[in-house]
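A.B. asks: 3D, please:
(one chain, ligands or ions: 1)
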Amino acid sequence: MSNFDIDAIRADFPILSRKINGQNLVYLDNAATSQKPKQVIAALTDYYEQTNANVHRGVHTLSIESTDDYELARTKVAKFINAPRPEEVIWTRNTSESLNLVSATWAEKNVGEGDNIVITVMEHHSNIVPWQQLAAKKNAELRYLAADEDGLLDVSNVDSIIDSRTKIVAATHMSNVLGTINPIAMLANQVHAVGGVILVDAAQSVPHMAVDVQELDADFLCFSAHKMLGPTGIGVLYGKYDLLDEMPPYMFGGDMILEVTYEDASWNDLPYKFEAGTPNIADAIATGAAVDYLSELGMDNVWQHEQELTAYAMEQILSLDNVKVLGPKNPCLRGGVISFIHDTIHPHDLGTALDQQGIAIRTGHHCAMPLVRSFDVVAAARASFYIYNTKSDVDALVNGINETEGYFSR
Ligand code: 7TS
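C.D. replies: All right, here's what the predicted structure looks like:
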């Protein structure tokens, strides 16, 4: 881990020197959104100060430079996930929009009455609701792959759940509640064998591990820049070229057309067919800077750092008497997202008390209401890690839980 210098990394994140309620910030809400290094912030200001112009339109220098930078960022993202062609990378607003795009175009066209859509019980609402809506509209069936008692995907009956009427499997790569990492390549094999496609919700995996769309054999893969050091308001849909090429457009407008007459219109080539209107140029370029930052660290080093931190945190949290961890206990089977429930302290009370100590965690249903309710609770506390977190952040969390316990037992 030669280039993984934690002090140097932390120094790149201006927000980490903020005090919250008089205490040093301990930011453990990375699954919701990550913090931004100064390199990403600089990419935004540089763009607006030096280059700002609309893309794909002008012959003037600024427009040409903006277009080049915008397309370079696309190429960086393609390389980051090992997409064979940059045209397979579509800029969207976020993971949610990428998922909705596939549901409203590919699935709208290919899912019919009596077909089925397979998802898992550990999906974020963004990968449940679009499929519920589509299934109802098409008279199709929505099927769920279950989780076992350790929070691992139960694939014992995968052969009967994914069958000849399965058009699409839409599964999260890593659960934002349980931390579970799902066997995507296996699911891809299963659904390809019956002629269907797989869509991967990679919102929680792409920021934290090396993700290779070819190795996974993913047909579609979605993620958000804001969870991987990039800005809010921009996300990615990767799709295999032939699938994207056959899909109808999602939105209509400027840039996505080839030719328009008063009567009709034809569509532009990929990726522009899916990018109607002036795109989010600055944030795409800053996403390129985020990818540069992560690539420089090396995704294997990022993963290793988080695995070490997760193993340490699991050990500490599991040693607490009144706390139950959701999801796999074995740190090798999960990512750096640890949701937990205290026997007597409500997660919101815990979250508020920790905030008084400068510690940011998330509390609630984590946009996975059915999953959280399956544990007979309506809310859980969640700590989630990233490249700038340290063992002393974990110690602060554990001390914070102990202190809160002391306060509530008074
Ligand atoms: N899928 C997963 C697995 C996620 O964790 C999230 C966001 C999304 C989709 C949606 O991403 P968005 O960028 O479109 O909002 N997860 C969370 C979370 O766990 N806490 O806040 C947002």
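
A.B. asks: only C-alpha atoms for contact and neighbour calcs from this point on.
C.D. replies: Noted.

A.B. asks: what helix or strand does the residue of the stretch 301-410 of the chain found nearest the ligand sit in?
C.D. replies: Proximity of the stretch 301-410 of the chain to the ligand (CA to the nearest ligand atom) peaks at residue 366, 5.1 Å away. Taking DSSP states H and E as the definition, residue 366 sits outside all helices and strands.

A.B. asks: ok, it - how many residues close by?
C.D. replies: Per other CA atoms under 10 Å, the neighbour tally for residue 366 reads 20.

A.B. asks: Name the nearest residue to it, ignoring sequence neighbours.
C.D. replies: Leaving out its chain neighbours, the residue that sits closest to residue 366 by CA to CA, 6 or more residues apart in numbering is residue 177, at 6.8 Å.

A.B. asks: helix/strand/coil for that neighbour?
C.D. replies: coil (DSSP: H, G, I helix; E, B strand; the rest coil).

A.B. asks: For burial, what's the neighbour tally of it?
C.D. replies: So residue 177, with other CA under 10 Å, has 28 neighbours.

A.B. asks: What of residue 92?
C.D. replies: The burial count for residue 92: 25, using other CA under 10 Å.

A.B. asks: Could you give the backbone dihedrals for it?
C.D. replies: phi -130, psi -170 (degrees, to the nearest 10).

A.B. asks: returning to what we had before: doesn't residue 176 make contact with the residue of the stretch 301-410 of the chain closest to the ligand?
C.D. replies: Yes. Using CA atoms under 8 Å, residue 366 is in contact with residue 176, at 7.4 Å.

A.B. asks: what sits in contact with each of those two?
C.D. replies: Residues touching both residue 366 and residue 176 (CA atoms under 8 Å, 6 or more residues apart in numbering): residue 124.

A.B. asks: list the contacts for the residue of the stretch 301-410 of the chain closest to the ligand?
C.D. replies: Residue 366 neighbours (CA under 8 Å, 6+ apart): 124, 176, 177.

A.B. asks: Also within reach of the ligand: list those from those.
C.D. replies: 124, 176 (CA under 6 Å from any ligand atom).

A.B. asks: With pLDDT as added columns, please give the contacts of residue 366 in CSV.
C.D. replies: Formatted as CSV, those follow (pLDDT from 0 to 100):
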residue, pLDDT
124, 98
176, 97
177, 97
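
A.B. asks: now, which of the contacts of residue 366 sits nearest residue 44?
C.D. replies: residue 176 (28.1 Å; CA to CA).

A.B. asks: That closest one contacts residue 337, correct?
C.D. replies: Yes. Counting by CA under 8 Å, residue 176 does reach residue 337; the two are 6.7 Å apart.

A.B. asks: which bits of the chain sit near the ligand?
C.D. replies: 31-32, 94-96, 124, 126, 172, 175-176, 201, 203-204, 224, 366.

A.B. asks: Can you tell me which of the residues you listed are buried?
C.D. replies: 31, 94-96, 124, 126, 172, 175-176, 201, 203-204, 224, 366 (16 or more other CA atoms under 10 Å).

A.B. asks: if we can go back for a sec, need the overlap of contacts for residue 176 and residue 337.
C.D. replies: Joint contacts of residue 176 and residue 337 (CA under 8 Å, 6+ apart) are residue 31.

A.B. asks: got TSV for the buried ones among the residues of the chain next to the ligand, with secondary structure too?
C.D. replies: As requested, those are exported to TSV (three-state DSSP):
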residue	secondary structure
31	coil
94	coil
95	helix
96	helix
124	coil
126	helix
172	strand
175	coil
176	coil
201	strand
203	coil
204	coil
224	strand
366	coil
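
A.B. asks: Now tell me which of those the prediction trusts least.
C.D. replies: pLDDT across these is lowest for residue 366, at 91.

A.B. asks: Distance check, that one against residue 146.
C.D. replies: 18 Å (CA to CA, to the nearest Å).
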